[in-house]
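Asker: below is the structure, and that's it, no one-letter string:
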């Protein structure tokens, strides 16, 4: 499931996606249809979650930070 908005037919602002279990999978930002700002991705597996943060500016990749695994059990 996705949630987000469009401006002039292009993705704009914050977009969020959840997996089938209702867990947050992505948070992404767009500006005029281009990747812009912080993109966060969560990987859920076997009672653990890891987080990756990627930074974009005007559609161009800036950097990525891969987080540590957090065990939920």
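Answerer: Cool, the structure landed. Note that the structure is a prediction, hence the values are computed from the model and not measured. Numbering: from 1, shown residues only.
Asker: next, the distance between the ends of stretch 2-18.
Answerer: In stretch 2-18, first residue to last residue: 7 Å (C-alpha to C-alpha, to the nearest Å).
Asker: so what's the gap between it and the chain middle?
Answerer: 12 Å (C-alpha atoms, centre = their mean, to the nearest Å).
Asker: now do the buried residues in that stretch.
Answerer: Using 16 or more other C-beta atoms under 10 Å as the test for burial, stretch 2-18 gives 11-12, 15. Every residue, glycine included, has its C-beta placed from N, CA and C.
Asker: likewise for stretch 28-41?
Answerer: 28-31, 35-37, 39-41.
Asker: pull the residues that contact whichever strand or helix holds residue 26.
Answerer: Element membership of residue 26 [criterion: DSSP states H and E] is strand 24-31. Identification of contacts with strand 24-31 by C-beta atoms under 8 Å, 6 or more residues apart in numbering yields 4, 10-19, 35-42, 44, 58.
Asker: residue 67 and residue 22: what is the separation?
Answerer: Distance, residue 67 to residue 22, using C-beta to C-beta, to the nearest Å: 21 Å.
Asker: assign residue 21 to helix, strand or coil.
Answerer: Put simply, residue 21 is coil when judged by DSSP: H, G, I helix; E, B strand; the rest coil.
Asker: residues contacting residue 35?
Answerer: So residue 35 contacts 28-29, 56, 59-61 (C-beta under 8 Å, 6+ apart).
Asker: equivalent analysis for residue 54, please.
Answerer: Contacts of residue 54 (C-beta under 8 Å, 6+ apart): 38-41, 61, 63-65.
Asker: buried residues, whichever strand or helix holds it. List them.
Answerer: Using DSSP H and E, residue 54 maps to strand 48-57. For strand 48-57, the neighbour count (16+ other C-beta under 10 Å) marks 54, 56 as buried.
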